[in-house]
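K.L.:
Have a look at this fold, sequence not included:
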């Protein structure tokens, strides 16, 4: 494995949403995720990793070593069989190969060929067992800077599902009643505006010991974070964009300071507390360089 990362990193990502739902909760009617005690909005780490995976899949389509393990419609056992076929092995039900060398080979194949395993790790202990690896890249839940106020917007459609629905609508029109009652109605949950912050960690130790996450993978990760919303636009999500990526690069694999101390260097303040924020320009982002410890380099992107 070449150019495996040899430094620890932490990073802060700022992204915003305008008139959209950044991460609906299926257990709450797809409403935006929210902390019920504080009213702050939440976006899950799984949601952010999905967008990173999707960008990598587009940017590196067809390139060896950049396949995506967790993708829509993927059958995980079939993904695992690729490793066994590559090494001419026959899987045992839910068991790794008995030979330690063969067991290591199938796990290494998965790390080498799938970017998201190399980055985030994976539990591959299904019927066709390829082991379990812990990835060097971890991301926290994102949290909104201010409490959010979700809006529930009613929507209708002009088309009908079948001819019977059309006949009902015509009858309603002839009797001068509201024909919209016969059209399908639904609801959309949106946030007028919110700025979110997510924090992440990258361990050189797990990159070297486990997955082989290298410098090329690292640069691809930064690009994916910056562009993760550019190929993910939809009516439901509104306007979303990565606004800033702040990277803390340590001068060693062990690191020079606790992660929380570095995150505290980033300060986000609303300019006018008397009116609600409706754009990124309503916030001031500053970095307290006096708190930045020696041995840590700060890199700003965007």
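P.N.:
Ah, there it is. Bear in mind the structure is a predicted one, so any value in this text is a computation, not a measurement.
K.L.:
drop to CA atoms for contacts and neighbour counts, all remaining ones
P.N.:
Fine.
K.L.:
Give me the pLDDT value at residue 162.
P.N.:
We note a pLDDT of 76 for residue 162 in this prediction.
K.L.:
Likewise for residue 44?
P.N.:
Model confidence at residue 44 (pLDDT) stands at 98.
K.L.:
right, and it touches residue 139 too?
P.N.:
No. Checked against Cα atoms under 8 Å, the pair residue 44 and residue 139 is beyond contact range at 9.0 Å.
K.L.:
Could I get the pLDDT score of residue 165?
P.N.:
Reading off the model, residue 165 has pLDDT 68.
K.L.:
What of residue 179?
P.N.:
Per-residue confidence (pLDDT) for residue 179: 50.
K.L.:
With residue 277 instead?
P.N.:
97.
K.L.:
Let's verify it: helix, strand, or coil?
P.N.:
Look at residue 277: counting by DSSP: H, G, I helix; E, B strand; the rest coil, its state is coil.
K.L.:
From residue 188, how far out is it?
P.N.:
The gap separating residue 277 from residue 188 is 21 Å, by Cα to Cα, to the nearest Å.
K.L.:
Check residue 200 too.
P.N.:
30 Å.
K.L.:
Quick one: the helices in the stretch 201-302 of the chain, in order.
P.N.:
204-206, 215-227, 259-263 (DSSP state H, counting those that start in this stretch).
K.L.:
With mean pLDDT and mean neighbour count added, can I get these in a markdown table?
P.N.:
Formatted as a markdown table, those follow (pLDDT from 0 to 100; neighbours: other Cα atoms under 10 Å):
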| stretch | mean pLDDT | mean neighbour count |
| --- | --- | --- |
| helix 204-206 | 97 | 21 |
| helix 215-227 | 98 | 17 |
| helix 259-263 | 97 | 16 |
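K.L.:
Columns distance to residue 51 on top of those, output as CSV?
P.N.:
Below are the helices of the stretch 201-302 of the chain laid out as CSV (distance: least, Cα to Cα, whole Å):
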stretch, distance to residue 51
helix 204-206, 23
helix 215-227, 8
helix 259-263, 23
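K.L.:
Specify the stretch among these that is closest to residue 105.
P.N.:
helix 204-206 (17.4 Å; Cα to Cα).
K.L.:
right, and residue 230 touches residue 241 too?
P.N.:
Yes. Counting by Cα under 8 Å, residue 230 sits close enough to residue 241 to count as a contact (7.3 Å).
K.L.:
between the two, which one's more packed in?
P.N.:
Neighbour count, other Cα atoms under 10 Å: between residue 230 and residue 241, residue 241 has more, with 20 against 14.
K.L.:
Give me the mean pLDDT for the helix or strand residue 16 falls within.
P.N.:
If you go by DSSP states H and E, residue 16 is part of strand 9-20. The pLDDT scores in strand 9-20 average 98.
K.L.:
For residue 103, give its distance to residue 66.
P.N.:
Counting by Cα to Cα - residue 103 and residue 66 are separated by 22 Å.
K.L.:
In terms of neighbours, single out the busier of the two.
P.N.:
Using other Cα under 10 Å, the more surrounded residue of residue 103 and residue 66 is residue 66, with 22 against 17.
K.L.:
Below-threshold pLDDT in the stretch 51-200 of the chain: ranges please.
P.N.:
For the stretch 51-200 of the chain, the stretches with pLDDT under 70 are 165-184.
K.L.:
could you redo the last one with a cut-off of 80?
P.N.:
Scanning the stretch 51-200 of the chain for pLDDT under 80 picks out 157-185.
K.L.:
just the helices in it please.
P.N.:
Using DSSP H, counting those that start in this stretch, helices in the stretch 51-200 of the chain cover 76-86, 100-113, 115-120, 163-174.
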